[in-house]
Structure formats: C-alpha cells, structure tokens
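Trainee: Got a predicted structure plus its sequence, pasted below:
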Amino acid sequence: MVGLHLVEAEDYYKTLLKEVPKAKKRIVIAAMVLLWGERTAPIFIMLRDAIKRGVKVTVLLDNYTKLTYLHGIKPRSSGRERLGRT
C-alpha cells in the first residue's frame, strides 16, 4: 500500500499557482466549494488562460454546491433545479 501524504492548504495553493501555468494537456481540479475571491481570482484567471492555450480544463464540484454568476455566465440550471432532477 502506498502511503498517503496530507497536503496543507497553503502548500496546495502555492503549487497551483506554480503548476497551472505550465500545464500543456489537461488540468483537473476537484473541490467541495469553488468561489471567486481575492485569493482564488488568480487561479480562475490562470484556468481561463490555460483554456485559451488549448489545455483541457475540468473542474469537479460537489453536486450540492450552489453556483452563482461567474464573469456574467449564468449556470444552465439552479442548484434547486438540479436537485429536483436527482
């Protein structure tokens, strides 16, 4: 069995800032909640730039996370509507 290593939040954040701009093929981020803020803005911008470079970007979020507008892009359905279909 391979040992697991717990990564501290600050180390994870610094690694994202360092590695996302280097991505050439794909980026996958999984999070419970992903909100726009002072600290996350650079990551969102880097993800947008990665898409422009042709990198496949996948963001996995918790099914119950309520998404709001992100740069004027409205989600296709509300969290309540999505829950009603599950």
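Mentor: Yep, it's here.

Trainee: C-alpha only now, for contacts and for neighbours.
Mentor: Will do.

Trainee: immediately after the helix or strand hosting residue 43, which helix or strand?
Mentor: In this assignment (DSSP states H and E), residue 43 forms part of helix 41-52. Under the assignment DSSP H and E, the closest C-terminal helix or strand after helix 41-52 is strand 56-61.

Trainee: How far does that following strand sit from its chain's centre?
Mentor: In terms of C-alpha atoms, centre = their mean, to the nearest Å, the centre of strand 56-61 is set 6 Å apart from its chain centre.

Trainee: That strand versus helix 41-52: what angle between them?
Mentor: Angle, strand 56-61 to helix 41-52, by axes from the mean of the first three to the mean of the last three C-alpha atoms, to 10 degrees: 140 degrees.

Trainee: residues touching residue 50, list them.
Mentor: Going by C-alpha atoms under 8 Å, 6 or more residues apart in numbering, residue 50 touches 20, 21, 23, 56, 57.

Trainee: State the pLDDT value of the residue lying closest to the fourth one once chain neighbours are set aside.
Mentor: Meaning residue 56. In space, and not counting its chain neighbours, residue 56 is closest to residue 26: 4.5 Å by C-alpha to C-alpha, 6 or more residues apart in numbering. Looking at residue 26, its pLDDT reads 95.
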